[in-house]
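# Sequence and predicted structure below; questions after.
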Amino acid sequence: MRVVRSFEEPPIAGPALLTIGTFDGVHRGHRFLLEQARDRALEHGLGLVIVTFDPSPAVVLRPGLRRYQLTTAERKLRLLGALEPAAIVQVPFTLELSRWSAAQFMDALEARMDLRELWLGEDFHFGHGREGGVTMLVERAQQSGFSLHIVPRGMEDAAGISSTRIRQALARGAVEEALPLLGYPFTLDLDSPAARDQVDGLVQSRYAVPETLAIPASGTYATLGRTGLGGEGYPVACLIEDGTPLPITLVRRAEDGDPTEVEFIARLDPESGASGEPARLF
């Protein structure tokens, strides 16, 4: 799998099946589209190319937007990479790019690949003023000779699966509600702790988190910590105090080491009907 980070470099040499989206969280609705596109590409001997953006366009277009992105750029690449595409184009989204017309955007894509099929979700729009929609793309497909496939949104229930619903669940601290929509536990990537204390064999570490990255509501959570990709999980209590310089506090056993990621399992504080005492996890 190739990772390309601009429109300047052709992602693959052969015929391509292309899909485009922000894919924030790479949730089950996204995978409903992506897995169909992958299967189609395999069936017809096409290279699957996924074009996505970092940061999310909303973060650039709405300065000051907080707690929005469901994954870091690196985690999104790993989640998309699990689908084994031929290439992922992770485009840096900027104000300049937001001013491109839909035609300019398609010109850049078609100039750099042999586009045979374009697969999109039913609610995807692109280009300045969101002018690029189904009508525009039907005309473009006829002119350029590629086929267009619009995939209806995946449904968990009548409300459908969306990144917005997942953000709303996290904002309530309902990490259990986010799980069936994401298709995996909400997971937070961490840098090295900014501060650390140890008392009675338990280590308490505090972490900074980028303001644009989504985190659950303030409260206490049972999580699984991991120190590397695919590593064995161990219990970690996570205390969140959003609005502070170091909003994440983790409590773990000293022998387990600092996690590089935590998977959220359940909320523990009184609002959820469970004890919020971190020591109960150990």
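Happy to help now that I have it.

# Could I get the pLDDT score of residue 124?
For residue 124, the model assigns a pLDDT of 83.

# Where does pLDDT dip in the protein?
For the chain, applying pLDDT under 70 flags the ranges 154-159, 230, 270-282.

# ok, 80 please
7, 153-160, 228-231, 269-282 (pLDDT under 80).

# As a check, name the ranges of all strands in this protein.
2-4, 15-20, 47-54, 87-92, 114-121, 147-151, 187-189, 195-199, 202-207, 219-226, 234-240, 248-253, 261-267 (DSSP state E).

# And the last one, what does it pack against?
Counting contacts by 3 or more C-beta pairs under 8 Å, 6 or more residues apart in numbering; DSSP states H and E, strand 261-267 is packed against helix 175-182, strand 187-189, strand 219-226, strand 234-240. (C-beta placed from N, C-alpha, C; glycine too.)

# tilt between the last one and strand 202-207?
For strand 234-240 and strand 202-207, the angle between their directions (axes from the mean of the first three to the mean of the last three C-alpha atoms, to 10 degrees) works out to 50 degrees.

# Name the surrounding residues that touch stretch 175-194.
25, 27-29, 31, 70-72, 74-75, 156, 161-162, 165-166, 169-170, 205-209, 213, 215-216, 221, 224, 246, 248, 250, 258-267 (C-beta atoms under 8 Å, 6 or more residues apart in numbering).

# measure it end to end?
End-to-end distance for stretch 175-194, by C-alpha to C-alpha, to the nearest Å: 25 Å.

# now do stretch 193-210
First-to-last distance for stretch 193-210 - C-alpha to C-alpha - comes to 13 Å.

# circling back: can you add mean neighbour count and give the strands of the chain back as TSV?
What follows is the strands of the chain, written out as TSV (neighbours: other C-beta atoms under 10 Å):
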stretch	mean neighbour count
strand 2-4	15
strand 15-20	24
strand 47-54	23
strand 87-92	19
strand 114-121	20
strand 147-151	15
strand 187-189	19
strand 195-199	11
strand 202-207	18
strand 219-226	22
strand 234-240	22
strand 248-253	20
strand 261-267	21
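
# any chance of the ones you listed in a markdown table, with distance to residue 105 too?
Formatted as a markdown table, the strands of the chain follow (distance: least, C-beta to C-beta, whole Å):
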| stretch | distance to residue 105 |
| --- | --- |
| strand 2-4 | 16 |
| strand 15-20 | 9 |
| strand 47-54 | 9 |
| strand 87-92 | 10 |
| strand 114-121 | 12 |
| strand 147-151 | 15 |
| strand 187-189 | 29 |
| strand 195-199 | 44 |
| strand 202-207 | 37 |
| strand 219-226 | 38 |
| strand 234-240 | 38 |
| strand 248-253 | 37 |
| strand 261-267 | 33 |
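
# With distance to residue 40 added, can I get the helices and strands packed on strand 261-267 in CSV?
Shown next, in CSV, are the helices and strands packed on strand 261-267 (distance: least, C-beta to C-beta, whole Å):
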stretch, distance to residue 40
helix 175-182, 24
strand 187-189, 29
strand 219-226, 34
strand 234-240, 40
